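Undergrad: using only what follows, build the 3D model:
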Amino acid sequence: MPAALNPAATRGLLGSGLGIALFSSAVFGLSGSFAKALLESGWSPGAAVAARLTGAALVLAVPAGLALRGRWHQVRDNWVTILLFGLIGVAACQLFYFNAVERLSVGVALLLEYLAPVLIVLWLWVASRKRPRVLTFAGTLLSLAGLVLVLDLTGAVKIDFVGVLWGMAAAVCLAIYFFITAKENDSLPPIVLASAGLLVGAVVIWLAGATGLLPMAFSTADTRLGPWIAPWWAALGGLVILATVLAYVSGIMAARALGSKVASFVSLTEVLFAVLWAWLLLGELPGAIQLLGGLLIVGGVVLVRLDELRSSAAVPAAAAAPLGHANDVEPVP
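TA: This is a model prediction of the structure:
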């Protein structure tokens, strides 16, 4: 039996890839906690995003340059994709999410952002005028019901609706991000897109700050992470190195091992990790009704993803992509 079809080898690859994907979700989930620690010490959301993107872009510049191997025309040929990715998928998405975190708990803000797959379903439904399949339709309804519970409209838990609007804006940007990265592109290595997108996002945020459109407030006050008092640079370092650089690199590795669809499916665990980190580091825990709503949102997205996987599996073998392209990667959010 060829090595590529050896069940033991396949299980080993899946196991290692799954571990890397879970690690990526765990470190991505730290971003809200580190960001909120900085915001509570006097940083503005714009300053936190600018510092995060700048630091990560600088760290990833070296491996991105090595991946290009002098083929700079790849960047020139894909400048529109890089610009849209950096402007919407990186700068706007993170800025809106950090604004939501400033007003809401980390878990609630991230749950709102993860409504992006549902927004994609609704948009495609309106654009094509074709009703989604039963499983996708059920997942959409389940997530919308979860949204109602997360917002806790009964008033048992006080919700800042400006924060909710920021969270929904982040969801819209994440949906656009998925549309951008879903387009197959073999001419630009994923790590180059990630690094260039981070750089574009950083430039946009700094320009917005320099023109006065975006408040930029920095602070050298200590931050609080759980029972520890940490200097500002420790929280910022965690945000840049752990929640951005390691998260992006491990996400790319996971996508190569598992394929983009399975890797993006596993990335749903980021919500659970974010709630756990916020509880351990910030003492935040959504109310019981919000946790139930969060489970419904995640469950609804799972149904949508399962429908996608089932639909892909139903494609005739003759129309399927060659084996060599089965693990084409898309950058992680």
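Undergrad: which strands and helices sit next to the one helix or strand residue 274 maps to?
TA: Element membership of residue 274, judged by DSSP states H and E, is helix 269-282. When contacts are defined as 3 or more CB pairs under 8 Å, 6 or more residues apart in numbering; DSSP states H and E, helix 269-282 sits against helix 7-28, helix 31-40, helix 106-113, helix 288-313. To be clear about C-beta, it is placed using only N, CA and C from the backbone, and glycine gets the same treatment.
Undergrad: so where's the stretch 101-250 of the chain uncertain?
TA: The model of the stretch 101-250 of the chain has pLDDT under 70 over residues 151-158, 181-187.
Undergrad: the strands in it, which residues?
TA: Remark: strands assigned in the stretch 101-250 of the chain by DSSP state E, counting those that start in this stretch are 223-225, 228-230.
Undergrad: do I have it right that residue 216 meets residue 51?
TA: No - using CB atoms under 8 Å, residue 216 makes no contact with residue 51, being 9.8 Å away.
Undergrad: nearest to residue 70, of the helices and strands packed on helix 269-282?
TA: Among the helices and strands packed on helix 269-282, the nearest to residue 70 by CB to CB is helix 7-28 (28.8 Å).
Undergrad: from residue 170, how far out is the closest residue to residue 174 other than its chain neighbours?
TA: Computed as CB to CB, 6 or more residues apart in numbering, the closest residue to residue 174 that is not its neighbour in sequence is residue 116, at 3.8 Å. Residue 116 is 8 Å from residue 170, where distance means CB to CB, to the nearest Å.
Undergrad: likewise residue 27?
TA: Here residue 27 is placed at a distance of 19 Å from residue 170 (CB to CB).
Undergrad: between those two, tell me which one has more neighbours.
TA: Using other CB atoms under 10 Å as the criterion, residue 27 and residue 170 rank with residue 170 on top: 27 against 23.
Undergrad: check contacts around that one.
TA: Residue 170 makes contact with 93, 96-97, 100, 109, 112-113 under the criterion CB atoms under 8 Å, 6 or more residues apart in numbering.
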